[in-house]
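Engineer: here are the coordinates; sequence isn't available:
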C-alpha cells in the first residue's frame, strides 16, 4: 500500500515512515526536504499519485495564532484538493487532545480549523488526537519561564512518547477510515507543575516551578482536564520512567 506521510521528515513523521516501511508498505515521506511544499503546492500532486492513504503529521513552523492558522488552512486545503483528485481513500490528520477546549490559544484554534476542513472535505478520514509528547516537555517549561521561575498550572496532563504516537497513527492509517476523532494518550496522569519539577530535576536545572492556577498554556488558561483525553481513549504503553530510560540510552 502506498502511504504518503506529509511532514515525513519530522519527529513523528520520520518514525511513522520507518514503522510503515518495516511493515512492508510503500511509505513516502513528503516535506520541503523531499521537494513537496503544501503551502505552494509544489510536488503535491505528483507525490499523491497512486496513494491509497495520506497521513498529515506536519506542523506550523510558528506557534503564533495568525501564522499557524495560515499554515494549517493553506496546507490542508492544498492537500485535500490533491487527495480528492488522486482518489485517496483515507485521509489521516494528527491533532491534539484538548484542541477544542482551549479557544484562547491561537495555535489551538488553528488546529481546530484544520480539523474542520478535513471533516467537511467529503474524503473518508480519521483525526487522531494525541496528548502532549514527553519530547516536548522542555518546550512547555521554556514557554512558561519568566527569569528563573516557571509558572505552570497544577492541572492534569497525560503525556505520551513520540514512538507511541507514531504507532497509534500507523494503526489508524492501516485501518478503515473512522470518520471520527480517535484519542490516544500515555498510561499515566501527572500534575503539570509536578511534571515540570521532575523534568528540571533530571537536567539538572536551577529554575523553580511555581504552581500557578492562572498560568497560561501557549496562550490559554487551563481547566482541570483540558489536557487529558475523554473516556474511551486508546492508552499507549510507555510510561515516563521507561521513556526516560530509553532517552538516556540515546534511543
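Structural biologist: Arrived safely, thanks for sending. Being a predicted model, the structure only gives us computed values, none of them experimental. Numbers count the residues shown, from 1 in each chain.

Engineer: What is the burial count for residue 39?
Structural biologist: Burial measure for residue 39: 12 neighbouring residues, criterion other CB atoms under 10 Å. Glycine gets a C-beta too; all of them are placed from N, C-alpha and C.

Engineer: didn't it look like it was pressed against residue 75?
Structural biologist: Yes - using CB atoms under 8 Å, residue 39 is in contact with residue 75, at 5.9 Å.

Engineer: Quick check, pLDDT for residue 250.
Structural biologist: What the model reports as pLDDT for residue 250 is 68.

Engineer: Could you list which residues are in contact with the most far-flung residue of the chain relative to its centre?
Structural biologist: Using CA atoms, centre = their mean, the residue of the chain lying farthest from its centre is residue 206. It sits 29.3 Å away. Listed by CB atoms under 8 Å, 6 or more residues apart in numbering, the contact set of residue 206 reads residue 148.

Engineer: and if you look at residue 170?
Structural biologist: Applying CB under 8 Å, 6+ apart, the residues contacting residue 170 are 16, 19, 20, 23.

Engineer: thinking residue 84 is in contact with residue 122, fair?
Structural biologist: Yes - Residue 84 is within contact range of residue 122, at 7.4 Å (criterion: CB under 8 Å).

Engineer: on that earlier part again, quick one, which of the contacts of residue 170 are buried?
Structural biologist: 16, 19, 20 (16 or more other CB atoms under 10 Å).

Engineer: Mind checking which of these land in helices?
Structural biologist: 16, 19, 20 (DSSP state H).

Engineer: Name all residues that make contact with the closest residue to the first one other than its chain neighbours.
Structural biologist: So the one you mean is residue 16. Once flanking residues are discounted, residue 16 sits nearest to residue 166: 4.6 Å by CB to CB, 6 or more residues apart in numbering. The contact partners of residue 166, taken as CB under 8 Å, 6+ apart, are 12, 15, 16, 19.

Engineer: how about the first one, what does it touch?
Structural biologist: Spelled out, that is residue 12. 57, 94, 162, 165, 166, 169.

Engineer: what's the closest of those to residue 8?
Structural biologist: Closest approach between these and residue 8, by CB to CB: residue 57, at 7.7 Å.

Engineer: Looks like that closest one contacts residue 3 (just checking).
Structural biologist: No - taking CB under 8 Å as the definition, residue 57 is not a contact partner of residue 3, at 11.6 Å.

Engineer: Do you have the strands of the protein handy? List them.
Structural biologist: Along the chain, counting by DSSP state E, strands occupy 2-6, 26-30, 53-56, 90-96, 125-130, 145-146, 149-152, 156-157, 181-185, 190-191, 208-211, 216-217, 220-221, 234-235.

Engineer: Just send those strands back as JSON lines, with distance to residue 108, mean neighbour count and mean pLDDT too.
Structural biologist: As requested, the strands of the chain are arranged in JSON lines below (distance: least, CB to CB, whole Å; neighbours: other CB atoms under 10 Å; pLDDT from 0 to 100):
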{"stretch": "strand 2-6", "distance to residue 108": "20", "mean neighbour count": "26", "mean pLDDT": "98"}
{"stretch": "strand 26-30", "distance to residue 108": "25", "mean neighbour count": "22", "mean pLDDT": "98"}
{"stretch": "strand 53-56", "distance to residue 108": "17", "mean neighbour count": "28", "mean pLDDT": "98"}
{"stretch": "strand 90-96", "distance to residue 108": "7", "mean neighbour count": "24", "mean pLDDT": "98"}
{"stretch": "strand 125-130", "distance to residue 108": "12", "mean neighbour count": "24", "mean pLDDT": "98"}
{"stretch": "strand 145-146", "distance to residue 108": "21", "mean neighbour count": "13", "mean pLDDT": "96"}
{"stretch": "strand 149-152", "distance to residue 108": "17", "mean neighbour count": "20", "mean pLDDT": "98"}
{"stretch": "strand 156-157", "distance to residue 108": "15", "mean neighbour count": "22", "mean pLDDT": "98"}
{"stretch": "strand 181-185", "distance to residue 108": "14", "mean neighbour count": "22", "mean pLDDT": "98"}
{"stretch": "strand 190-191", "distance to residue 108": "21", "mean neighbour count": "16", "mean pLDDT": "98"}
{"stretch": "strand 208-211", "distance to residue 108": "22", "mean neighbour count": "17", "mean pLDDT": "97"}
{"stretch": "strand 216-217", "distance to residue 108": "9", "mean neighbour count": "20", "mean pLDDT": "94"}
{"stretch": "strand 220-221", "distance to residue 108": "7", "mean neighbour count": "16", "mean pLDDT": "94"}
{"stretch": "strand 234-235", "distance to residue 108": "21", "mean neighbour count": "16", "mean pLDDT": "97"}
